[in-house]
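Peer 1: with the input below, show me the fold.
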Amino acid sequence: MTIFPKGARKKAGLVPGTLVQTAEKKTEKTTITILDYDRESFRERVAAGPEECRAFRDTPAVTWINVEGLHELEVTRQMGEIFQIHPLVLEDILHTDQRPKMEDYEDYVYVVLKLLMYDEQKEGILADQISLILGKNFVLTFEEKERGILEQVRKRIREGRGRLRGRGADYLFYSLLDVIVDSYFVVLEHMGEDVEKLEEDVMNGPQPNVLRRIFDARTNMLVVRRAVWPLRDLTNILVREEIPLIGQEVDVYLRDVYDHAVQIIETVEVSRDMVQNMADMYLSVVNNRMNEVMKILTVIATIFIPLTFLASIYGMNFKHMPELEWPWAYFAVLGVMAALGFSMLGYFRWKKWF
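Peer 2: Next up is the predicted model:
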């Protein structure tokens, strides 16, 4: 996921609601999956095209239509025509750098979020945009690519586990929000393990690659923060405002999603501060190591200054230096130099200068 938006040049100056392809092609072909269910029955099929979805628009059963792939403009346009979706919403669906938000259009509710995944090989964050539209008896989801996060909800519908099969479209809408928000905890857990390992490496003696890992961790934190920070406002609106399409019994569950969103944001902020402090710690450790090296070099230089002075005196080669004629002068000077050096070394140790 990039921090800075892309594709803005394609949209600049166009009429609002103009559909422009800015989404990256992450799947070869757009796939439309239809799940139609109630308490007693369940149907699942892969549609050949958007037109097959028209028959499920006004069915009494709950219908979940998932569109995988946003690179085909005509598919999105036809889905918008069938379910009477506003052109500005279709534009936001195709523009995959949207800030997470929620909009109520009376006939339907539009929510856009980020799907976050952790890439263990690259130790980085993969992020896709997902759009959810809640109608009277249907839920539409638009994914850039199938990542497997929503498969948990599909499995519960197929097996008839939990409350999904006996509830309406608003409960399905909540279930999708809940599984997306819960997936953030998995990402934060992986990132927390990386931060702990990174902190240990910094304390044990930073290597040249540690600083790069610190900056990579900071970038990951910025990406996650950008994705989850608006989540609190989004879920707060769903909980506080009266939305006709969302029943009161679902409001209780949405409050739980709001609590999770607050917890995620707090965790992100704490982790972000830890990474920032880790960068400062790295520089402090490097500076302390440099100071220790300079201290040792200074002690060595200080010890050799008087020794160099003595050696330079007897290296002047004056003819009438009386010490040059003494038989033991050479060993005497070496003894004086050794005594002087060891005495200075002992003094420095006594002062605890190294």
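Peer 1: tell me, how many residues neighbour Arg154?
Peer 2: 16 (other CB atoms under 10 Å). No exception for glycine: its C-beta is placed from N, CA and C like everyone else's.
Peer 1: ok, and the closest non-adjacent residue to it?
Peer 2: The shortest distance from Arg154 to any non-neighbouring residue, by CB to CB, 6 or more residues apart in numbering, is to Leu35 (6.8 Å).
Peer 1: that neighbour contacts Thr63, correct?
Peer 2: Yes - counting by CB atoms under 8 Å, Leu35 touches Thr63, with 7.1 Å between them.
Peer 1: ok, now which ones touch Leu211?
Peer 2: Residues near Leu211 by CB atoms under 8 Å, 6 or more residues apart in numbering: Ala279, Tyr282.
Peer 1: from Asp128, how far off is it?
Peer 2: Here Leu211 is placed at a distance of 30 Å from Asp128 (CB to CB, to the nearest Å).
Peer 1: what do you get for Val293?
Peer 2: Counting by CB to CB - Val293 and Asp128 are separated by 48 Å.
Peer 1: between those two, which is the more surrounded one?
Peer 2: Asp128 (21 against 10).
Peer 1: which elements pack onto the one helix or strand that one maps to?
Peer 2: Assessed by DSSP states H and E, Asp128 sits inside strand 124-134. Counting contacts by 3 or more CB pairs under 8 Å, 6 or more residues apart in numbering; DSSP states H and E, strand 124-134 packs against helix 87-94, strand 109-119, strand 138-143, helix 169-203, helix 208-228.
Peer 1: list the buried residues in the longest one.
Peer 2: Which is helix 169-203. Buried positions in helix 169-203, judged by neighbour count with 16 or more other CB atoms under 10 Å: 169-178, 180-181, 183-184, 187-188, 190-191, 194-195, 198-199, 201-202.
Peer 1: count the residues that sit near Trp350.
Peer 2: 8.
Peer 1: ok, now how distant is it from Val275?
Peer 2: From Trp350 to Val275 the distance is 42 Å (CB to CB).
Peer 1: Thr59 too?
Peer 2: Counting by CB to CB, the gap from Thr59 to Val275 is 49 Å.
Peer 1: settle it for me: which of those two has more neighbours?
Peer 2: Between Thr59 and Val275, counted using other CB under 10 Å, Val275 has the larger neighbour count: 23 against 12.
Peer 1: what's the angle between the helix or strand where that one lies and helix 208-228?
Peer 2: Following DSSP H and E, one finds Val275 within helix 248-313. Helix 248-313 and helix 208-228 are oriented at 160 degrees to each other (axes from the mean of the first three to the mean of the last three CA atoms, to 10 degrees).
Peer 1: low-confidence stretches in the protein?
Peer 2: Applying pLDDT under 70 to the chain flags residues 1-27, 205-206.
Peer 1: domain parsing for it?
Peer 2: Per the record, the chain has its domains at 8-285, 290-350, by automatic domain parsing.
Peer 1: which of the ones you listed has the highest mean neighbour count?
Peer 2: By mean neighbour count, with neighbours taken as mean count of other CB atoms under 10 Å, domain 8-285 ranks first of these at a mean of 17.
Peer 1: and the helix or strand Leu334 falls within, how far out from the chain's middle?
Peer 2: Assigned by DSSP H and E, Leu334 belongs to helix 329-350. Helix 329-350 has its C-alpha centroid displaced from the chain centroid by 60 Å (CA atoms, centre = their mean, to the nearest Å).
Peer 1: and that helix with helix 248-313, angle?
Peer 2: 160 degrees.
Peer 1: what helices and strands are in contact with helix 329-350?
Peer 2: Using 3+ CB pairs under 8 Å, 6+ apart: helix 329-350 touches helix 248-313.
Peer 1: what is the helix it packs on packed up against?
Peer 2: Helices and strands touching helix 248-313, by 3+ CB pairs under 8 Å, 6+ apart, are helix 169-203, helix 208-228, helix 231-240, helix 329-350.
Peer 1: tell me the angle of the second one relative to strand 109-119?
Peer 2: The one in question is helix 208-228. Going by the same axes, to 10 degrees, helix 208-228 makes 160 degrees with strand 109-119.
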